[in-house]
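Peer 1: Sharing a model that was predicted from the sequence below.
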Amino acid sequence: MSNRPRNPVLAALMALGLAAALGLSFVSHAPNRLSSGQGIALIELAPALLTWPALLLLLGLFMPPTRRWQLASAVGNAALLLGLLWLAGDAAARLAQDSALARTSLGAGFWILAVVCLLALADAVQGWVALLAALALSLGLALLLAGGSLDQLALMREYANRRELFHDALWQHLQILLATLLPALVIGLPLGAAAARNGHLNQVLFPVLNLIQTIPSLALFALLIAPMALLAAVWPLLADWGLAGIGLAPAVLALLLYSLLPIVRSTAAGLQQVPAAVLDSARGMGMTGRQIFWRVELPIALPLLLAGLRVATVQTVGLAVVAALIGAGGLGSLIFQGLLSSAADLVLLGVLPVLALGLLADAMFKGLVRMLAQ
């Protein structure tokens with residue numbers, strides 16, 4: 001066995017994780033919600049439970065990159081991540097006995113270690129094994145939450161205090177996402193198909209859509225407030241339907257404009273890559289133009305179309321946060337409340353679901369594209 005690490009990526013990640021564990025606070029304990037906390041290092045919590053997955057990862061540095069050792073590395077990373085979560089929850093439960101107002105937050109060391117574990121997990125497994133690893137992590141997290149192991153963490157206490165508000169914000173965020181993507185598909189697919197067949201439209205359409213992408217999101221939201229308010233004043237019925245200067249309508253309209261470029265571009269690119277010989281064969285079989293589009297062109301262009309829809313979905317999930325500033329609601333409202341009150345855990349209560357939605361959408365569309373490519 002060579003003394004040199006066979007996996008330099010894993011070696012670099014483990015070095016980063018070790019530096020975070022030794023040099024940064026694992027959790028931060030404060031006497032109340034608004035006070036600055038005192039950091040507690042991982043070494044002070046005596047994490048004996050984490051020894052065996054750490055040793056498994058260490059052995060993986062020097063083992064050949066076989067499927068067996070990749071799977072063992074994945075198991076070690078998943079166990080280490082869940083063990084870190086349990087350890088943080090256990091520390092919070094012990095520290096909470098001193099005061100009902102005390103808060104224990106996850107520190108910088110924890111977050112860096114968690115990211116290191118996820119990156120090492122992604123490096124170790126691919127394809128369906130990665131999906132199984134994600135399901136196993138989700139199941140382990142669900143068991144920790146159901147068992148109450150994380151209840152005393154400041155993040156979970158923020159959730160308990162704002163349970164209904166959180167659920168409403170999450171539902172509003174999903175509404176914004178659906179209200180943006182469905183019209184974007186209805187408008188973007190025909191525009192993309194037309195741009196693929198008409199070079200003059202292509203030369204006019206894409207510069208306009210590119211220009212929209214260069215406008216900062218908050219500026220575009222602000223630009224739409226005045227015309228939407230004017231329309232609501234001229235036709236009060238629009239205001240009764242919710243189409244006013246602030247709120248959901250200008251937010252969805254702005255996000256719709258942002259979503260058009262990736263959908264239109266991917267649709268046009270997908271249709272343009274259909275081989276001419278395939279189209280000639282379809283015409284030779286007597287297919288009409290509509291039949292060729294639905295049975296030949298669209299199935300071939302579908303992987304690229306889904307790639308554009310993936311970009312639009314992830315982009316909308318993130319930009320919908322800013323829409324809370326003009327009264328659209330969503331998870332951004334929690335984030336900005338936390339920023340205004342200097343409550344970092346309330347900010348995380350909004351940030352983490354946004355991150356999870358983005359990763360879930362990205363993984364779902366990548367999986368669909370991979371299935372179509374097989």
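Peer 2: Cool, the structure landed.
Peer 1: The stretch 251-374 of the chain: helices as residue ranges?
Peer 2: Ranges of helices in the stretch 251-374 of the chain, per DSSP state H, counting those that start in this stretch, are 276-284, 289-292, 298-319, 331-340, 344-373.
Peer 1: I'd like those written out as CSV, with mean pLDDT added.
Peer 2: Converted to CSV, the helices of the stretch 251-374 of the chain look like this (pLDDT from 0 to 100):
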stretch, mean pLDDT
helix 276-284, 84
helix 289-292, 83
helix 298-319, 91
helix 331-340, 90
helix 344-373, 86
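Peer 1: Include mean neighbour count and distance to residue 83 when you put those helices into JSON lines, please.
Peer 2: Just so you know, the C-beta spots here come from the backbone N, C-alpha and C atoms, and that holds for glycine as well. Shown next, in JSON lines, are the helices of the stretch 251-374 of the chain (neighbours: other CB atoms under 10 Å; distance: least, CB to CB, whole Å):
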{"stretch": "helix 276-284", "mean neighbour count": "12", "distance to residue 83": "53"}
{"stretch": "helix 289-292", "mean neighbour count": "12", "distance to residue 83": "56"}
{"stretch": "helix 298-319", "mean neighbour count": "20", "distance to residue 83": "30"}
{"stretch": "helix 331-340", "mean neighbour count": "20", "distance to residue 83": "28"}
{"stretch": "helix 344-373", "mean neighbour count": "17", "distance to residue 83": "19"}
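Peer 1: Kindly reformat the ones you listed as TSV containing distance to residue 219.
Peer 2: TSV is the format used below for these (distance: least, CB to CB, whole Å):
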stretch	distance to residue 219
helix 276-284	43
helix 289-292	41
helix 298-319	12
helix 331-340	16
helix 344-373	21
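Peer 1: Nearest to residue 138, out of those helices?
Peer 2: helix 344-373 (9.9 Å; CB to CB).
Peer 1: now for that closest one, which elements pack on it?
Peer 2: If you count contacts as 3 or more CB pairs under 8 Å, 6 or more residues apart in numbering; DSSP states H and E, helix 344-373 packs onto strand 103-106, helix 128-146, helix 154-161, helix 163-197, helix 298-319, helix 331-340.
Peer 1: tell me the angle the longest one makes with helix 344-373.
Peer 2: Computed with axes from the mean of the first three to the mean of the last three CA atoms, to 10 degrees, the direction of helix 163-197 lies at 40 degrees from that of helix 344-373.
Peer 1: Report the next helix or strand after helix 163-197 in sequence order.
Peer 2: helix 199-214 (DSSP states H and E).
Peer 1: hmm, who's touching that next one?
Peer 2: 191, 194-196, 220, 257-258, 260-261, 264-265, 268 (CB atoms under 8 Å, 6 or more residues apart in numbering).
Peer 1: run the last query once more with 6 Å
Peer 2: Residues from elsewhere that reach helix 199-214 (CB atoms under 6 Å, 6 or more residues apart in numbering): 194-195, 257, 260-261.
Peer 1: next one: stretch 18-38
Peer 2: 39-42, 88, 91, 95, 101-105, 107-110, 112-113.
Peer 1: before we move on, the earlier item: which among the helices of the stretch 251-374 of the chain is found nearest to residue 73?
Peer 2: Once the helices of the stretch 251-374 of the chain are compared by CB to CB, helix 344-373 is nearest, at 20.1 Å.
Peer 1: From the contacts of stretch 18-38, which land in strands?
Peer 2: Using DSSP state E to define strands, the subset of the contacts of stretch 18-38 located there is 39-41, 103-105.
Peer 1: Most widely separated two among those?
Peer 2: Among those, 41 and 103 lie farthest apart (CB to CB), at 18.2 Å.
Peer 1: between these two, who's got more neighbours?
Peer 2: residue 103 (26 against 15; other CB atoms under 10 Å).
Peer 1: can you list the ones in strands among the contacts of stretch 18-38 in a markdown table and add pLDDT?
Peer 2: Converted to a markdown table, these look like this (pLDDT from 0 to 100):
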| residue | pLDDT |
| --- | --- |
| 39 | 85 |
| 40 | 86 |
| 41 | 83 |
| 103 | 82 |
| 104 | 86 |
| 105 | 88 |
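Peer 1: Can you give me the neighbour number for the residue nearest to residue 179 when sequence neighbours are not counted?
Peer 2: In space, and not counting its chain neighbours, residue 179 is closest to residue 252: 4.8 Å by CB to CB, 6 or more residues apart in numbering. Neighbours of residue 252 under the rule other CB under 10 Å: 24.
Peer 1: per-residue confidence for residue 252?
Peer 2: Listed pLDDT for residue 252 reads 88.
Peer 1: before we move on, the earlier item: closest one to residue 348 among the helices and strands packed on helix 344-373?
Peer 2: Per CB to CB, nearest to residue 348 of the helices and strands packed on helix 344-373: helix 154-161, 5.5 Å.
Peer 1: Tell me which other helices or strands the closest one touches.
Peer 2: Helices and strands touching helix 154-161, by 3 or more CB pairs under 6 Å, 6 or more residues apart in numbering; DSSP states H and E, are strand 103-106, helix 344-373.
Peer 1: quick one, which of these is nearest to residue 168?
Peer 2: helix 344-373 (12.3 Å).
Peer 1: circling back to that earlier point, any idea which of the helices of the stretch 251-374 of the chain gets closest to residue 119?
Peer 2: Across the helices of the stretch 251-374 of the chain, closest to residue 119 is helix 344-373 (CB to CB), at 13.1 Å.
Peer 1: how near is residue 301 to residue 196?
Peer 2: 9 Å (CB to CB, to the nearest Å).
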